[in-house]
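Student: just coords:
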């Protein structure tokens, strides 16, 4: 049995300082992803998207583990891109206007054929209406600034402001969608102990 640790392999992408923002270069990575809109706290679509993404990710993991390659790996954390139409800078206010792309990073071992088989398995256990909309795609962010936010998601604004202040101080400006990486399961973690990496693609101002 071969065991792979993608969190360790991509440690710089899945860890960050809470005291100071830093630049990272993010390569093209593969993700399961699905689009939506609205307040994630009240949107049934968002809750279903998260559940379906994890169901597929774990199904794929066990399919690969039991397959001819016998490769085991840890399912990666939930991530999300967030944006508001017509706004260049992300703000967590007015959540009902937010657009989102929910996603989970996948190893290159996951193919379209394997994903189709995984969807069939998941559908037999639970009828996720959103399942057919989940796709496998590549996302390439390039140069980004990131920082760790500790605490409730509702208190992100101060950390977001610090991140954008750092970007401006370094002579850069936002050049893509606000990206969040959720390192804890909110259902099993006290809000004050939540850890979220906030990431922003950038370009020279």
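Tutor: That came in fine, so what should we check first? Remember, predicted model here, so these are calculated numbers, not experimental data.
Student: What segments of the chain are helices?
Tutor: Counting by DSSP state H, one finds helices in the chain at the ranges 6-9, 44-66, 112-125, 157-169.
Student: And the most centrally placed residue in the chain, how far from residue 44?
Tutor: By C-alpha atoms, centre = their mean, the chain has its centre lying nearest to residue 79, at 1.2 Å. Counting by C-beta to C-beta, to the nearest Å, the gap from residue 79 to residue 44 is 20 Å. From N, CA and C alone the C-beta is placed, and that goes for glycine too.
Student: Enumerate every residue touching the residue sitting furthest away from the middle of the chain.
Tutor: No residue in the chain sits farther from the centre than residue 68, which is 29.0 Å out by C-alpha atoms, centre = their mean. For residue 68, no residue meets the contact criterion (C-beta atoms under 8 Å, 6 or more residues apart in numbering).
Student: Would you mind finding the most buried of the helices of the chain?
Tutor: Across the helices of the chain, averaging neighbours per residue (mean count of other C-beta atoms under 10 Å) puts helix 44-66 on top, at a mean of 18.
Student: Over that one, what's the mean pLDDT, rounded is fine.
Tutor: Averaged over helix 44-66, pLDDT sits at 96.
Student: And stretch 81-94, by the same measure?
Tutor: 75.
Student: Just list the residues touching the residue nearest to residue 25 when sequence neighbours are not counted, thanks.
Tutor: Closest residue to residue 25 in three dimensions, ignoring its sequence neighbours and counting by C-beta to C-beta, 6 or more residues apart in numbering: residue 143, at 5.6 Å. Contact analysis of residue 143 by C-beta under 8 Å, 6+ apart lists 23, 24, 25, 26, 201, 202, 203.
Student: hang on, the earlier thing: would you agree the residue nearest to the centre of the chain is in contact with residue 139?
Tutor: No: Residue 79 lies out of contact with residue 139 (C-beta atoms under 8 Å); the separation is 9.2 Å.
Student: what do those two both touch?
Tutor: Joint contacts of residue 79 and residue 139 (C-beta under 8 Å, 6+ apart) are 31, 103.
Student: Distance of residue 45 relative to residue 205?
Tutor: Separation of residue 45 from residue 205 (C-beta to C-beta) stands at 36 Å.
Student: burial measure for the nearest residue to residue 203 once chain neighbours are set aside, as a count.
Tutor: Ranked by C-beta to C-beta, 6+ apart and with sequence neighbours excluded, the top spatial neighbour of residue 203 is residue 175, at 3.8 Å. The local packing of residue 175 (other C-beta atoms under 10 Å) involves 17 other residues.
Student: Next: residue 156.
Tutor: 19.
Student: Just the pLDDT for it.
Tutor: pLDDT recorded at residue 156 is 93.
Student: shouldn't it be in contact with residue 196?
Tutor: Yes: the criterion here is C-beta under 8 Å, and residue 156 meets it with residue 196 at 7.2 Å.
Student: Residues that sit against both of those two, list them.
Tutor: With C-beta under 8 Å, 6+ apart, residue 156 and residue 196 have common neighbours residue 149.
Student: All set now, cheers.
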